[in-house]
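> quick one, structure for this:
(4 chains)
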There are 2 protein chains.
Amino acid sequence: MIAMNLKELAAHLNLSQTTVSRALNGYPEVGEETRRRVREAARRFDYRPNPNATRLATGKSHTIGHVIPTDRTLMIDPHFSEFIAGAGEVYGGSGFDIIMSVAGPESEEAIYRRYAKSSTVDGVVVHGPQVNDWRLDLLEELGLPFIVHGRAGERTGNYAWLDIDNSGAFENATKLLADLGHRRIALINGLEVMTFAAHRRQGYAIALQSRGLPFDPALVFSDAMTEENGHRRMRELLEYAVRPSAVICSSMLSASGAIRAIHESGRRIGEDISIIAHDDGLPFLRAEGLTPPLTTTRSSIRAAGSRMAELLLSMIKNPSADLPQVLWTADLVVRGSTGPAPSSHA
Amino acid sequence: MIAMNLKELAAHLNLSQTTVSRALNGYPEVGEETRRRVREAARRFDYRPNPNATRLATGKSHTIGHVIPTDRTLMIDPHFSEFIAGAGEVYGGSGFDIIMSVAGPESEEAIYRRYAKSSTVDGVVVHGPQVNDWRLDLLEELGLPFIVHGRAGERTGNYAWLDIDNSGAFENATKLLADLGHRRIALINGLEVMTFAAHRRQGYAIALQSRGLPFDPALVFSDAMTEENGHRRMRELLEYAVRPSAVICSSMLSASGAIRAIHESGRRIGEDISIIAHDDGLPFLRAEGLTPPLTTTRSSIRAAGSRMAELLLSMIKNPSADLPQVLWTADLVVRGSTGPAPSSHA
DNA sequence: TCTATTTTTCAAAGCGCTTTGGATACCGCA
DNA sequence: TGCGGTATCCAAAGCGCTTTGAAAAATAGA
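So this is what the prediction gives:
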């Protein structure tokens, strides 16, 4: 089953390659009847243009690049595949491919330069932006369309991004706890070089202030979001002379560890200790599946992947349009893991 | 910073494109001095051949395809990105790209056919093989080099694969427990349409038989490997009139849920209930990080990714060589979560 | 009826690389 | 001196597609 090419198809139809190509690509300068015939034949012979030839001729690669920083991979890891699953569906539907490069052997910067220079990709998605992220400047310099999943910190420039309102989400979560009477609320955050984590801390601080609660650095941790770190930090918190009665975790992973620590200490969730986690919608660790089900700030990372793919594709299609800047609010879903603060003499 | 192409580079050097191309690609028919000059100039101008042109001219894409079946994605999900992280490093080092297609809009079969027809990829990695997997036949028919992560069930054909000895691993795990005096050992397995899960069940059954223990279907579950399922199944087990005193989980995810259920029931791990999990080395959920640290059958999925990438690349380079068939044994790492069976009147 | 338009179609020139089939120059050796 | 070899290098033909610039055909305007 060797592939048929344009030339052969054109020969079969007694038409020129030009006409066939145009008919297939929807150009206006071709007769209706002819177009029909061409389409029909293409279908019958299952003709598909050789993408490499198309790429060479057009300079468009029909490919989106994703660079996985290998050092930070641990962080974005499980979230990353969820994101791709969402984005991938959109790309696939538009005939785009995803190419994935793992930084490490080749440096992240080198990869972007290669992308740009050899038009390997039409655009890239930037994952895990940090507060001060050089990648955005680089990509801008290279003229490569890009969209950031999240936001860079201070950056003033105009760039495309989709982010969730991390600050608002954690502000709401903190307020919920404060309003339940909790006075010592801990935050088991992700690494605060990442903007999302920095924003969450901000929201947390804002809420504390608005409720007249002190910001106690001893109650705030910033680590990679793993089960183990969640467990370790929760354990530390439980050993404090004056224990927090509530904790907010930046991910279901660290929450899972925190829950384990709470169990081990013989305390009950939602009664002795309240807990809220941010839920990205990881399918293998569902907040609803816990007992009690977890109160969460929720936003589907998969949906973000889909939406960002759409946005990037339209940026590529229409380069002169305004750069999209999308902020999603995260839902605060109250479930059983949050309850009134135990009486203070507990 | 527009890319310099072969023609320009050749002009600069007062050489023909032929010679420059050959010099760069290491062909013998070019003088040493000339080659040096060419290399030097290429470096100076940071020349990089346009991959699309190369692809078109050679028909080789320098790309490996990975198809993510969207329906099964939940399963391979967190493991998948680990795998890619490992494979990606190898690909990157050899100048190969990874392209990823999410099945869904386009069917899985259609994607493979497209891959083959338009030489989009030089080879593919098949993930999550099922006992009876049509993909292998398809790929063989299409003549696309492929390597399977795992094995198909009954398939007699000769194909490339890398798998771990799932049967042996679970046999060892079960024997360990039996030898500690456990008589009722449960298995919280993955979906047994997947070969890895079927093999694990086999190993479990073999061990039971060798130790003269009955195979009780009520002690064996087969579900997607999520935290929630692990929790649910463990809970069920704990409600049995005659409870199992030990359980083996097919993944750290389900183990995590099982542990939660054990905690909730007020039992102690390694004393009241022993637990062993299979550990793929997911960085966000480490067996060593639990308390007590988990006894596991361990094999790094990331290492598998790297090795399989190497194998596939060499298959592509040397298509006539024998197809690699690699079986890794999983380590049985004994830690604190396994202990002697509690006295039977417990 | 004949010219001016508009439609429809085509031949040919790239896109940037590899590769085939010669040239050309250089060497040793008879 | 002349000839077969060998070491270097090159012009040109693809790879399969898009796109430009024109021609041919069909339609309209007068």
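> how many residues are close by A:Arg268?
13 (other C-beta atoms under 10 Å in any protein chain shown). Every residue, glycine included, has its C-beta placed from N, CA and C.
> and A:Glu154, by the same measure?
Counted with other C-beta under 10 Å, A:Glu154 comes out at 8.
> same check, this time on A:Arg39
13.
> list the buried residues in the helix or strand hosting it.
A:Arg39 belongs to helix A:32-44 when assigned by DSSP states H and E. Residues A:35, A:37-38, A:41-42 are the ones in helix A:32-44 that count as buried (16 or more other C-beta atoms under 10 Å in any protein chain shown).
> which of the residues you listed lies closest to DNA strand D?
A:Ala42 (10.2 Å; C-beta to the nearest atom of the strand).
> look up the closest residue to the closest one, ignoring the ones flanking it.
Nearest non-adjacent residue to A:Ala42, counting by C-beta to C-beta, 6 or more residues apart in numbering or on different chains: A:Leu24, 6.1 Å away.
> A:Arg22 is in contact with A:Arg39, correct?
No: if you go by C-beta atoms under 8 Å, A:Arg39 and A:Arg22 don't touch, sitting 11.9 Å apart.
> on that earlier part again, report pLDDT for the residue nearest to A:Ala42.
The model reports A:Leu24 with a pLDDT of 94.
> do A:Asn14 as well
With respect to pLDDT, A:Asn14 scores 92.
> again with A:Gly86
Per the predicted model, pLDDT is 90 at A:Gly86.
> summarise which helices and strands the lowest-mean-pLDDT helix or strand in chain A is packed against.
When the helices and strands of chain A are scored by mean pLDDT, DSSP states H and E, helix A:73-93 comes last with a mean of 79. Other helices and strands packing on helix A:73-93, by 3 or more C-beta pairs under 8 Å, 6 or more residues apart in numbering or on different chains; DSSP states H and E, are strand A:63-68, strand A:97-102, helix A:301-317, strand B:63-68, helix B:73-93, strand B:97-102.
> mind putting the ones you listed in JSON lines, distance to DNA strand C included?
Formatted as JSON lines, the helices and strands packed on helix A:73-93 follow (distance: least, C-beta to the nearest atom of the strand, whole Å):
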{"stretch": "strand A:63-68", "distance to DNA strand C": "16"}
{"stretch": "strand A:97-102", "distance to DNA strand C": "19"}
{"stretch": "helix A:301-317", "distance to DNA strand C": "19"}
{"stretch": "strand B:63-68", "distance to DNA strand C": "16"}
{"stretch": "helix B:73-93", "distance to DNA strand C": "19"}
{"stretch": "strand B:97-102", "distance to DNA strand C": "16"}
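> kindly reformat these as JSON lines containing mean neighbour count.
What follows is those, written out as JSON lines (neighbours: other C-beta atoms under 10 Å in any protein chain shown):
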{"stretch": "strand A:63-68", "mean neighbour count": "24"}
{"stretch": "strand A:97-102", "mean neighbour count": "24"}
{"stretch": "helix A:301-317", "mean neighbour count": "20"}
{"stretch": "strand B:63-68", "mean neighbour count": "24"}
{"stretch": "helix B:73-93", "mean neighbour count": "24"}
{"stretch": "strand B:97-102", "mean neighbour count": "24"}
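> many thanks, have a good one.
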